[in-house]
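>>> Attaching a predicted model along with its sequence, questions to come.
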Amino acid sequence: MTTTLWSWTTSLLQVVIVGVGSLILIGFMAKVKARAEGRVGSPVTQPLRDVRKLLRKERLHAHHSSLVLPFAPMIITATAVVAVWISPLVGTHPVMVSGADIFVIVYLLLTGSVAAALAGLDAATAFGGMGSSRAMTIGALAEPALLVGVIALAIQSGSSNLAVIVASTLHNSDHAFGPVHLFALGALVIVVIAETGRIPVDNPATHLELTMVHEAMILEYAGPELALVTLGEAMRLGLLFSLVANLFFPWGVATSSSAAALALGVAALVAKLLVLALVVALIEVRSAKLRLFRLPELLAGAFALSVLAIVMGLVTR
Amino acid sequence: MVWYLLALAFGAAAALAGVVLPRHGRVAVSMALGASSCALALVASVQELVCGVAWTVHVTQLLPFSGVTLSLDPLAALFVALTAMVGLAACVYFLGYAHGPTASRSGVSVFMLFVLALLVVPAAANVMGFLFAWELMALSSLVLILSEQATRPRARSAALWYAAMTQAGAVSIVLGLLLVASSAPGQDFAQLAAGAAHLSAAQRSLAFALTLVGFASKAGAVPLHVWLPKAHPEAPSPVSALMSSSMVTMGVYGILRVGEGLLHGGNLWWWVAVAALGVLSAVYGSLHATTARDFKRLLAYSTIDVMGLVLTGVGAAGVLYDTGQREDARLALMASLLLLVAHAAFKGSLFLVAGSVERATGTRNLDRLGGLVHTMPTTTCLVVIGAAAIMALPTLSGFSSEWLLLQGLLHGFADSSTPAVIVMLLGVVALALTGGLGAVAFVKVVGIGFLGQARSEGAATAVEVSRWMRLAAGLLAVPSVVLGLAPGLVVNTLSRAASAALGVGAASPVARGTGLLLSHLSGDIAPLELLVAVVAVLAALLGANRALVQRRARRVAAWGCGREEQTPRMQYTATSFAEPLQRVFSDVLRPQTDVEVTHAVESRYFQESVTYSQHIADVVEVRSYRPLISLVMRLGEGARRLHNGSIHRYLAFGFVALLVVVVVLS
């Protein structure tokens, strides 16, 4: 009974941390960028305030849109919440952790991407189509790298369950510095940058017509629905960051059910997220956005790294 | 047994009814009989799959000299069940679809013969019976492809390709089976399996290679796939559905029956070859599916993609079996079979929907569709289910089956033999790549084809199709949902079929409630609970933010950079949607694009019109088939010089031939 209680606590903590925290994380990254560029920047809580403001606004739908437009944000958010709910982020025993297969997580995220892309096409505008087309192209190239990268870890730890992979890396610390993890880490960082639409893949701060990808896709959203899209996308970012953090640097994750372990797990997750956000923000400051048709090279590189990770695992076992 | 024979009798009656009944009641009576035939076959095969009462019966009267042996083991029963499921829906669909040539005597009766042949192929258990059913299947589908040729200009050339390739494949199968039968005491499959032990290794390999060519061509494996994207789109939609979800699986059945059943698994390299064909087809098919504009052609390429994944799983299973990992082999094969069943349901449903769209709008060119969500809501809902299943989105059938396939491949990694590991690695890569590309293709289908604004007059004036057509597509959507939510209900029966195919003993269970649980390399999914969780979150979201439900949305113009009016022509089309990917993969796809600019008379700086045309030919066809065809044509031209119309020359030919015969005989 107590274990059930603990796993519910773990899951709830995860959803709260990733739900609220990822918005702050985005604010934090914007702040880091601003400071690195010598600006003051908006406060860290700005994305939270934006979402609160949007929730109070009026709902607007484009003329030719269908039910897809209001439903897509809910799908994006719901799939992200469920993925966070079952993933081992704070501790290795959240609710329904037995279903936290890598395949489940990857395809839950894909469901969100598909919903967003369909919403982009729903309003019958050129921008939406452009955003959807580009986002799906990037996704089609990034998703295989993500799946293969995590499969490399799965083969090494003998299970495709995320919690088991995390626990196994925790057990065998030498794995964490082995070639499999190194190559997979390289691949996954690129994939995470691509999936979350950061520079050099996409620029979240621009609304320049010809270069935007994700912003073009959600251009028709306003008010509460835009708030939901923002929240869902932020949660996807938070989840992907936390997964990278826990798959490659699992230390601090709560493996037992005690208050101290859980508190340590929360602190470790927050710390890891902040470090990762700092790194990604600095990458963003130091690099320019790539041309759309240079991206395949980057993502093919990520895919090659993932495949190499599997090969490394087979060679060195 | 009785159920199955009754099913055949009903099927024959349905075909007969198609011939003798007058136009008025022909379709209704024939389809009612056909649907009952499929329902009976479904009962027979499910009975075999669940209760396990295998039977064999020999009917001497059916074919002269040899008779037909019918036998239903779990493997055969699975394919009969799959065919019966799609056949039932196709018969229901036919009721709403039939018109003009499809409702004619030949249209109806040949359709029923096709269904009947598909039901017999997996059950036929002797060489003559199998080949007879196989040919009946090929010829009846050929006639059906031609049935709408009056309105489909490309049907004739498609039928020609199909006829040539299916017959070449059949010849190859005949030779292979003859080789196996040469050492057997009789021509029943059981006798063949016993006699195969007397064949030398080289003979067995040759026999497998010969049959593989025929069966892989039927399964649409690259490079033998060329007929498939031509023939499937040109057939009437219920026929396309049957071809794409049932007929292609007969190729997989053949490979399993001959390779594992008759030749006992044979050589490791056979299965490496099968897996290689599979990986190639999966990637090639999904790439072409992303760029296809014709709805049905896109579905046909996606069939090549999924069949590629199935063949990869079959190949992996064969490799694992030959390296002694029987349990893992069964898992991989089970996954392939689950994917086959799942594919039959969602692809059947999507082909039926494509037919509905074509009926309602007069086109199946995605570039000219759009906005159907407003005019055809049920059909749109069905296409969303089918597309989500094929994209392997969670809690639908594609998801559970691809997960199981991935697990099968992951288990294979535990093996240390190099060829096996390479096969598994390639399989994982193919699975990952096709996942990403498939998402693009089917977002395109739903987003461009059904959302947005109508891009043509036909799409704008579309009305929802008849009740029968919607019902049929809906029937096939049910398995997509059920297999996804509760794969645990069917895996044990699939495991029996896989065991029967490989000839191994009883399996350890992989079902846990409605979900799946694997013990060896730990992994499990519980789709039902996943769906409950997603729905709970959705409900919580709606509850937490009542504004989303209660406040009515105001309709406003979409943002057009300050431009007030937005025309449907300003939307992205299927071509432009896939353009970035097409550019990325231009080395493989080799698109031919043509831009024609007409300048204004007054000044070259102004353009009157711009025409953009694009054509993506099948590289395999252009590079390997066309040269072959032109060679044959040249030989034919050369042969014309032999017959110049001179009667003397012909008499001379006759005389020389007679001389040769006499000399040879003496």
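Ah, there it is.

>>> can we go C-alpha only for contacts and neighbour counts from here?
Fine.

>>> Just give the number of residues close to the residue of the stretch 151-300 of chain A found nearest chain B.
Going by C-alpha to the nearest C-alpha, chain B is nearest to residue A:159 of the stretch 151-300 of chain A, at 4.9 Å. For residue A:159, the neighbour count with other C-alpha atoms under 10 Å in any protein chain shown is 26.

>>> Could you do the one 4 residues further on as well?
Using other C-alpha under 10 Å, residue A:163 has 27 neighbouring residues.

>>> picking up where we left off before, bridged to the residue of the stretch 151-300 of chain A closest to chain B, which residues?
Counting by DSSP bridges, residue A:159 is bridged to residue B:522.

>>> And for residue B:260, nearest residue in space, chain neighbours not counted?
residue B:502 (5.9 Å; C-alpha to C-alpha, 6 or more residues apart in numbering or on different chains).

>>> The one you found contacts residue B:262, correct?
No: applying C-alpha atoms under 8 Å as the test, residue B:502 and residue B:262 come out as separate, 10.5 Å apart.

>>> sorry, back to before: retrieve the pLDDT associated with the residue of the stretch 151-300 of chain A closest to chain B.
Looking at residue A:159, its pLDDT reads 86.

>>> And residue B:398, by the same measure?
pLDDT, read off for residue B:398, is 93.

>>> what about the helix or strand encompassing it and chain A, any contact?
Using DSSP states H and E, residue B:398 maps to helix B:397-413. Yes: using C-alpha under 8 Å from any C-alpha of the partner chain, helix B:397-413 reaches chain A at B:403, B:410, B:413.

>>> ok so, going back, in this structure the residue of the stretch 151-300 of chain A closest to chain B contacts residue B:524, no?
No: using C-alpha under 8 Å, residue A:159 is not in contact with residue B:524; the gap is 9.6 Å.

>>> Let's have the residues of helix B:397-413 next to chain A in a markdown table, adding pLDDT and neighbour count.
Shown next, in a markdown table, are the residues of helix B:397-413 next to chain A (pLDDT from 0 to 100; neighbours: other C-alpha atoms under 10 Å in any protein chain shown):
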| residue | pLDDT | neighbour count |
| --- | --- | --- |
| B:403 | 92 | 25 |
| B:410 | 88 | 26 |
| B:413 | 83 | 24 |
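
>>> Can you lay out these as a markdown table showing distance to residue B:289?
Converted to a markdown table, the residues of helix B:397-413 next to chain A look like this (distance: C-alpha to C-alpha, whole Å):
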| residue | distance to residue B:289 |
| --- | --- |
| B:403 | 22 |
| B:410 | 27 |
| B:413 | 30 |
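
>>> just for the chain, where's the confidence low?
In the absence of a named chain, this looks at chain A. A:1 (pLDDT under 70).

>>> To clarify, I was referring to chain B.
Using pLDDT under 70, chain B drops low at B:415-416, B:505-509, B:519-522, B:545-551.

>>> what inclination does the following helix or strand past the helix holding residue B:398 have with respect to helix B:397-413?
The helix or strand immediately downstream of helix B:397-413 is helix B:418-449, counting by DSSP H and E. If you take axes from the mean of the first three to the mean of the last three C-alpha atoms, to 10 degrees, helix B:418-449 sits at 160 degrees to helix B:397-413.

>>> ok, and for helix B:418-449, which residues are buried?
Within helix B:418-449, the residues scored as buried using 16 or more other C-alpha atoms under 10 Å in any protein chain shown are B:419-449.

>>> where does the residue in the stretch 451-600 of chain B positioned nearest to chain A fall, helix, sheet strand or coil?
For the stretch 451-600 of chain B, the residue closest to chain A is residue B:452, as judged by C-alpha to the nearest C-alpha, at 4.2 Å. Three-state call for residue B:452 (DSSP: H, G, I helix; E, B strand; the rest coil): coil.

>>> again with residue B:614
What three-state DSSP gives for residue B:614 is strand.

>>> Need the phi and psi values for the closest residue to residue A:101 other than its chain neighbours.
Leaving aside its chain neighbours, residue A:101 sits nearest to residue A:161 (4.4 Å; criterion: C-alpha to C-alpha, 6+ apart). Main-chain torsions, residue A:161, degrees, to the nearest 10: phi -90, psi 130.

>>> thinking residue A:161 is in contact with residue A:98, fair?
Yes: the criterion here is C-alpha under 8 Å, and residue A:161 meets it with residue A:98 at 7.1 Å.

>>> More neighbours: which of those two?
Shown here are residue A:161 and residue A:98; by other C-alpha under 10 Å, residue A:161 has more neighbours (26 against 20).

>>> That one and residue B:524: what is the separation?
For residue A:161, the distance to residue B:524 (C-alpha to C-alpha, to the nearest Å) stands at 8 Å.

>>> which residues do those two both contact?
Shared contacts of residue A:161 and residue B:524 (C-alpha atoms under 8 Å, 6 or more residues apart in numbering or on different chains): A:98, A:99, A:101.

>>> As JSON lines, these with secondary structure would be great.
Converted to JSON lines, the shared contacts of residue A:161 and residue B:524 look like this (three-state DSSP):
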{"residue": "A:98", "secondary structure": "helix"}
{"residue": "A:99", "secondary structure": "helix"}
{"residue": "A:101", "secondary structure": "strand"}
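
>>> what's the spacing between residue B:504 and residue A:312?
Plainly put, residue B:504 is 34 Å away from residue A:312 if you go by C-alpha to C-alpha.

>>> Quick check on those two: which one has the bigger neighbour count.
Just comparing residue B:504 and residue A:312: by other C-alpha under 10 Å the higher neighbour count belongs to residue A:312, 18 against 15.
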